[in-house]
Structures are given as C-alpha cells and as structure tokens.
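K.L.:
Here is a sequence together with a model predicted from it:
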Amino acid sequence: MSSTDAAPDRLGSLLAEHASLEVELADPEVHADQARARRLGRRYAQLAPLVETARALDEARGDLATARELAGEDASFAAEAITLEERMGELTDRLREQLLPKDPDDDKDVILEIKAGEGGAESALFAGDLLRMYLRYAERRGWSTEVLDAVGAELGGYKDVAVAIKSRTDEGIWSRLKFEGGVHRVQRVPATESQGRIHTSAAGVLVLPEAEDVDVTVDPNDLRIDVFRSSGPGGQSVNTTDSAVRITHLPSGIVVSSQNEKSQLQNRESALRVLRARLLAAAREEAAAVASDQRRSQVRTVDRSERVRTYNFPENRISDHRVGYKAHNLDQVLDGELDPVLDALSEAHTAELLAAGS
C-alpha cells in the first residue's frame, strides 16, 4: 500500500504495526495470556479504521488515475473523475484526523469517582443522579460496571462513590469518558425546599484510566494499610467486623478506601485498583507538566477544577460550558443518552488538535 501525503512516515509505521498485530493475534499461544491478547486486540481494533481509510484512499487514487486516462475518450469518465476527486478529498481529511497523536490511555477501562460537594444533602442526591446516568450510559454501550466503594448519605444519594467501568469488547472507555472530569452543577428545587426556590449545588466527577500491572508498580513497603468497621449513612454500622480498608501511599500521600465489599481482602483489592489508577493519572499529569504547549492544552481541556456542565431541571436543559453545547433533553441525558454531548466534546478536541497541527 502506498503512503499518503499526510504524515507518510507515521502512516507507514501504523500500517506496519497493524499487520504485525494481525500476525500476533493469529498465534494461539498469544491467547494463552488473556491480558496480553486483550491488550493487542484493543490496539488492533484501534488501528482498524485508519487502515480501512488508507486502503479506500489508495483505491480511489487508482480509480482516479484510470478515469483521467479514459476521460478523453468518454465524457462519463470525466464526470467520474470529478466525483473521485471529491471522495479523495474527504478520505484525505478523514485520514488526517486519524493520524493525529492518540492519547495513550484511549483504549483503557476507567474508574469513575463522584463526590458530593457544595449543597449538602442536595449535592449527595445529585451525585446519585450522576451515578445512575453513567450506569445507564454504560448499560446502553454494553459495558460492565462494578461499584468499588460507596459512602451513602442520610437522605439518599452518595457522599462519595467509585465505580469501575469495563468494556466487554475491544472498545476503549477512556476515549469516550475522559472529558467528564470536573465540577458538575445542578439547578433545581430540592425535595426539602418548602418555598419552591431553585437551589444550585454541585458534585465533582473524577475519571481515571484504570491502570494495569504493567502501567504502575506499587511497592508494598510504600503502603500503610488500616482496617476499620464499615458504616452506612450517618455512621450507622453495616458490618460487625473490621472489613473496610484504608490504604495510604506514603511517597505520594494519596489515600484511598473501600468498604463496599464484605471481606477485608476484597476491599483491599478494590482500594488497590483505585490507588493504581490515581498513581497512573498523577504520573501522566507530571509528564504533561513538562511536555509541549499542545499537550498542556489537552490536559487543560479535562481539568478537574473546571465547572464543566450545568443540569437545569426547571428548563430541562443541559449545558456544557467548554464547547457551548446546549440541549433541552435533560431527562433523556440523565437516563443515559450521553452520546450527543460526548460527541460534541470529542469533535471540539479533534478540531483543536487539527488547528494546532496546521
């Protein structure tokens, strides 16, 4: 396959990688290691659209050469040449987008944390609404979910909840949910409001690519592990044994806890999953701090300190402040129909990268 004018060296490298992965995945021995096979399969699936576009572009280029050669003998070939030129332009633009540098975590599963913030009980209820939204969205996409830790609130909802979201296929979840991190604001009349006044409260969402063992090595000597008794809303005991686990990573000061499982061992594993994800995110951010301006701008796009979105119940409106997205279908979004707003964020991010590279 010949190369294209757009980044020929990078295209050739990626096509060669795709061919190599095809050979590896055909080897039965590779599938004896399920983690490796899954990692290779995801990368293969990630490269497939680019390979398809490159092949289509080569085919259109060959057809165009033939149409131009025959155009002097038959006017219909001249018209076909014009159509093929337009198609080549479309394919070239698509390939240019596909050749943009990829986030190294795009094919990873994620750990999503939601924390109640300003607004007290109403914020906790909103955190519960956000959790349901993401769980319904995951269900629509065919992803599996697992609640790793949950601290409920007295009037419902959550003070803090962490959920692992995994793909059952080779689809990368981080590429889809990575822009969800930030402060999410809600405007509505709380159930406890007798005057009918609209209140504003907020909850924080943190999305982390789930780290694999090859990504982050955790030295057991760097950990302080404390156990305590699990408790429910308002301190109510829900477990008569010290099964809850709190892990402190001494070098970084990161503290994670888990009390959702019944056994201390299960809670320890859940907490370690969250810890590895946070350590991976911290390493990525540290690397980004010394990287190029382009990379830093990407990180700012997903800055967790930004107020990213408002959910206005009286107007049934959702607004994403980063890209100016607005829609009056909040009820549907909270029921898991997140694709339109996620598409808008992804398209804006791609446009920024194209502008930076032009």
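P.N.:
On my side now, so go ahead. Numbering: from 1, shown residues only.
K.L.:
use CA for all of it now, contacts and neighbours both
P.N.:
Fine.
K.L.:
Counting by contacts, list what the longest helix seen in the chain packs against.
P.N.:
Identified as the longest helix of the chain according to DSSP state H is helix 34-70. Packed against helix 34-70 by the contact rule (3 or more Cα pairs under 8 Å, 6 or more residues apart in numbering; DSSP states H and E) you find helix 8-25, helix 75-98.
K.L.:
the inter-axis angle of it versus helix 8-25?
P.N.:
In terms of direction (axes from the mean of the first three to the mean of the last three Cα atoms, to 10 degrees), helix 34-70 departs from helix 8-25 by 130 degrees.
K.L.:
Begin at 537, not 1, for the rest of this chat.
P.N.:
Got it, first residue is 537 now, which makes that one helix 570-606.
K.L.:
Make TSV out of the helices and strands packed on helix 570-606 and add distance to residue 720.
P.N.:
Shown next, in TSV, are the helices and strands packed on helix 570-606 (distance: least, Cα to Cα, whole Å):
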stretch	distance to residue 720
helix 544-561	38
helix 611-634	30
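K.L.:
Tell me where the stretch 787-894 of the chain has helices.
P.N.:
800-825, 829-837, 866-870, 875-893 (DSSP state H, counting those that start in this stretch).
K.L.:
Among the ones you listed, which one carries the weakest average confidence?
P.N.:
Note on those: lowest mean pLDDT is at helix 829-837, with a mean of 37.
K.L.:
before we move on, the earlier item: quick one, which of the helices and strands packed on helix 570-606 gets closest to residue 810.
P.N.:
helix 544-561 (30.1 Å; Cα to Cα).
K.L.:
and that closest one, what's its mean pLDDT?
P.N.:
Mean pLDDT, helix 544-561: 90.
K.L.:
tell me the average confidence for the longest helix of the chain?
P.N.:
Helix 570-606 carries an average pLDDT of 89.
K.L.:
which of the residues in it are buried?
P.N.:
573-574, 576-583, 586-587, 589-594, 596-597, 599-600, 603-604 (16 or more other Cα atoms under 10 Å).
K.L.:
Check stretch 691-709 too.
P.N.:
693-703, 706-709.
K.L.:
closest to residue 722 among the residues you listed?
P.N.:
For these, the closest approach to residue 722 (Cα to Cα) belongs to residue 693, at 14.1 Å.
K.L.:
circling back: the longest helix of the chain vs helix 611-634, what angle?
P.N.:
Following the same axes, to 10 degrees, one obtains 150 degrees for the angle between helix 570-606 and helix 611-634.
K.L.:
how far is helix 570-606 from where the chain is centred?
P.N.:
25 Å (Cα atoms, centre = their mean, to the nearest Å).
K.L.:
again with stretch 857-875
P.N.:
Distance of stretch 857-875 from the chain centroid (Cα atoms, centre = their mean) equals 17 Å.
K.L.:
For that stretch, report the contacting residues that lie outside it.
P.N.:
Applying Cα atoms under 8 Å, 6 or more residues apart in numbering, the contact partners of stretch 857-875 are 665-666, 668-674, 676, 837, 843-849, 851-856, 877, 880-881, 884.
K.L.:
PyMOL command to pick out the buried ones of these?
P.N.:
In PyMOL, this line selects whichever of the contacts of stretch 857-875 come out buried by 16+ other Cα under 10 Å:
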select buried, resi 665+666+669+670+671+672+673+674+837+843+844+845+846+847+848+849+853+854+855+856+877+880+881
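K.L.:
Now, the contacts of stretch 857-875 that are in strands?
P.N.:
Among the contacts of stretch 857-875, DSSP state E puts 843, 844, 845, 846, 847, 848, 853, 854, 855, 856 in strands.
K.L.:
Mind telling me the two of the residues you listed farthest from one another?
P.N.:
Maximum distance among the ones in strands among the contacts of stretch 857-875 (Cα to Cα): 16.0 Å, for 843 and 853.
K.L.:
how many neighbours does residue 608 have?
P.N.:
Applying the criterion other Cα atoms under 10 Å, we find 11 residues in the vicinity of residue 608.
K.L.:
same question but for residue 867, I mixed them up
P.N.:
Neighbours of residue 867 using other Cα under 10 Å come to 15.
K.L.:
now do the one 4 residues further on
P.N.:
Using other Cα under 10 Å, the number of residues around residue 871 comes to 17.
K.L.:
I'd like the distance between it and residue 679.
P.N.:
16 Å (Cα to Cα, to the nearest Å).
K.L.:
sorry, back to before: can I get the helices and strands packed on helix 570-606 in a markdown table including distance to residue 688 and mean neighbour count?
P.N.:
Shown next, in a markdown table, are those (distance: least, Cα to Cα, whole Å; neighbours: other Cα atoms under 10 Å):
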| stretch | distance to residue 688 | mean neighbour count |
| --- | --- | --- |
| helix 544-561 | 44 | 15 |
| helix 611-634 | 43 | 16 |
